[in-house]
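Chemist: sequence-free structure coming up:
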């Protein structure tokens, strides 16, 4: 078993492996991971059995911690469809040995939620338990099962109907600057700011035009609601949602979300994902935020973080 540090010469091999893996998510590809290369010290790894690639790990170095890549919400080891449980265990043993050799004290492992897998892909959770990893963080996310969606709340239905009466309609947009202004203003109320700049969003959408989409609702040529969607094959994920006071009063965001959900249903997708509603490392549940998602029929799944102490 060999563990090889990622370098530019591995780019094509990496991307081909991700595309054919059990978790073929576009944001594991190098064009996504490297758009913010200046913010993270890349420490990604490839694992080989002789000359056969078994797994890749999107990772970054944070002092004496080897972490699932700091620029990604989640991302553990990525395995191909032919890799079996014994090989997964061997990869973890080699990962720990590599971390020890490189002087790391801990490994922080952000597991991939099961909804994003195209096959069974949780051998890593068994391996983590076997080597004594500790669950150190758990975030609560919300998803809609498109084939078994609970009914929307009466309040959400009323707001969606109100938007329809006002003639508001969703459309695809390329106006990333206006959306970013809308998003920044919305987040400012909560003392936050967007993770991505407008230029970064434009760059990523140009690199992944089939996977990143901006849906908006305009009123009198002004953007009153917007949603940045990440499309992962059988899952649509809302990366960003934003509205203003005018849009809120008209039910614009509610109508836009319902449009996006139905769009995913028409595409015969399995899940619609809203993302997490937890704060402070998963310790605090934002009840207002998760209530909004639950009113659309979403229910909970978890995003787990594991820590492996090398010594």
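Modeler: Here it is on my side, so go on. Given the structure is predicted, the values throughout are model-derived calculations rather than measurements.

Chemist: Backbone dihedrals for residue 33, please?
Modeler: Note on residue 33: backbone dihedrals following degrees, to the nearest 10 are phi -60, psi -30.

Chemist: thinking it is in contact with residue 27, fair?
Modeler: Yes - counting by C-beta atoms under 8 Å, residue 27 is a contact partner of residue 33 at 7.2 Å. Quick note: C-beta positions are derived from backbone N, CA and C, even for glycine.

Chemist: okay but residue 123 is in contact with residue 77, surely?
Modeler: No - the criterion here is C-beta under 8 Å, and residue 123 misses it with residue 77 at 9.1 Å.

Chemist: more neighbours, the two?
Modeler: residue 77 (27 against 20; other C-beta atoms under 10 Å).

Chemist: Quick one: residues contacting that one.
Modeler: By C-beta atoms under 8 Å, 6 or more residues apart in numbering, the contact set of residue 77 is 47, 55-57, 88, 91-92, 95, 124.

Chemist: list the helices and strands the strand or helix carrying residue 125 packs on?
Modeler: Secondary-structure assignment from DSSP states H and E places residue 125 in helix 123-130. Packing partners of helix 123-130 (3 or more C-beta pairs under 8 Å, 6 or more residues apart in numbering; DSSP states H and E): helix 85-101, strand 299-309.

Chemist: Most distant residue from the centre of this protein?
Modeler: Relative to the mean C-alpha coordinate of the chain, counting by C-alpha atoms, centre = their mean, the farthest residue is residue 165 (34.0 Å).

Chemist: And for the closest residue in space to residue 89 that isn't next to it in sequence, the neighbour number?
Modeler: Using C-beta to C-beta, 6 or more residues apart in numbering and skipping the chain neighbours, the partner closest in space to residue 89 is residue 127 (5.3 Å). Residues lying near residue 127 (other C-beta under 10 Å) number 21.

Chemist: Now do the domain split for this structure, please.
Modeler: The chain resolves into domains spanning 2-132, 143-302 when parsed by automatic domain parsing.
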